[in-house]
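**Student:** Need coordinates for the following:
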Amino acid sequence: MKRVSHKRNTKRRNATSDRGGVVRVIAGQWRGRRLPVRDAEGLRPTTDRNKETLFNWLMQSITDAHCLDMFAGSGALGIEALSRYAASCLFLELDSANAQQLSSNLKTLRASGEVRQGDALALVSAMTTRTFDVVFIDPPFGKNLVQPALDALFESSCLSSNSLIYVEQETQTAEPRLPDGWHWQRQKVTGSLRYGLIACES
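**Tutor:** Model prediction:
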């Protein structure tokens, strides 16, 4: 009987894996909520441990913040920000199916988020009327998108002197260049991952 039960559980897990996975909100008003995500190429939600570190860094800055999730994917970072009472979050996602899934998850949560489907670099470059307090840059690995994303942000009118930018990338990728007046406020390396927080010098 136990062997039969084990096989059934294995099939159930495999079936779930074929359809996709889940991301978990780790704190705030939706703490513990699990949301479906697609099993799509390049989709790599930030781990719970990294999210915990990041939002400890942002503890004094996230409430009422206006956020931008540039390569949203599952939307894990922006949703976590909204759960912790950020005022709003704009999610940019290239893949139309991922964008639809993210919109569905935001609707389920009744969250104050907006999803725009398209190329994040082009969308940011075209923005002229919005300023963000917190920006998340966590692009698919192997695409060399961190530097272009930062360049697009710094050349746009999306940032203020109080903005904070989170960057997550592979350790083997060169550390991005920052314009004068900006610096790494926090940095951490875990295994094959480097992530940190960029701020304007006061």
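**Student:** Would you mark the buried spots in the strand or helix carrying Ala149?
**Tutor:** Element membership for Ala149 (DSSP states H and E) is helix 146-155. Neighbour counts over helix 146-155 (16 or more other C-beta atoms under 10 Å) mark 146, 149-153 as buried. (C-beta placed from N, C-alpha, C; glycine too.)
**Student:** How are the helices of the protein distributed by residue range?
**Tutor:** For the chain, the helices defined by DSSP state H occupy 2-19, 48-57, 76-83, 96-109, 120-125, 146-155.
**Student:** With distance to Gln187 and mean pLDDT added, can I get these in JSON lines?
**Tutor:** As requested, those are arranged in JSON lines below (distance: least, C-beta to C-beta, whole Å; pLDDT from 0 to 100):
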{"stretch": "helix 2-19", "distance to Gln187": "33", "mean pLDDT": "37"}
{"stretch": "helix 48-57", "distance to Gln187": "10", "mean pLDDT": "93"}
{"stretch": "helix 76-83", "distance to Gln187": "17", "mean pLDDT": "97"}
{"stretch": "helix 96-109", "distance to Gln187": "28", "mean pLDDT": "96"}
{"stretch": "helix 120-125", "distance to Gln187": "23", "mean pLDDT": "96"}
{"stretch": "helix 146-155", "distance to Gln187": "14", "mean pLDDT": "96"}
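**Student:** With respect to Tyr166, which of these lies nearest?
**Tutor:** Closest approach to Tyr166 among the helices of the chain is made by helix 48-57 (5.9 Å; C-beta to C-beta).
**Student:** and the angle for the closest one with helix 76-83?
**Tutor:** 50 degrees (axes from the mean of the first three to the mean of the last three C-alpha atoms, to 10 degrees).
**Student:** helices and strands around helix 48-57, which ones?
**Tutor:** Judged by 3 or more C-beta pairs under 8 Å, 6 or more residues apart in numbering; DSSP states H and E, helix 48-57 is in contact with helix 76-83, strand 182-190, strand 193-200.
**Student:** Who are the contact partners of the residue most central in space within the chain?
**Tutor:** Per C-alpha atoms, centre = their mean, the C-alpha nearest to the average position across the chain is that of Leu77, at 3.6 Å. Counting by C-beta atoms under 8 Å, 6 or more residues apart in numbering, Leu77 makes contact with 46, 51, 54, 69, 136, 138, 166.
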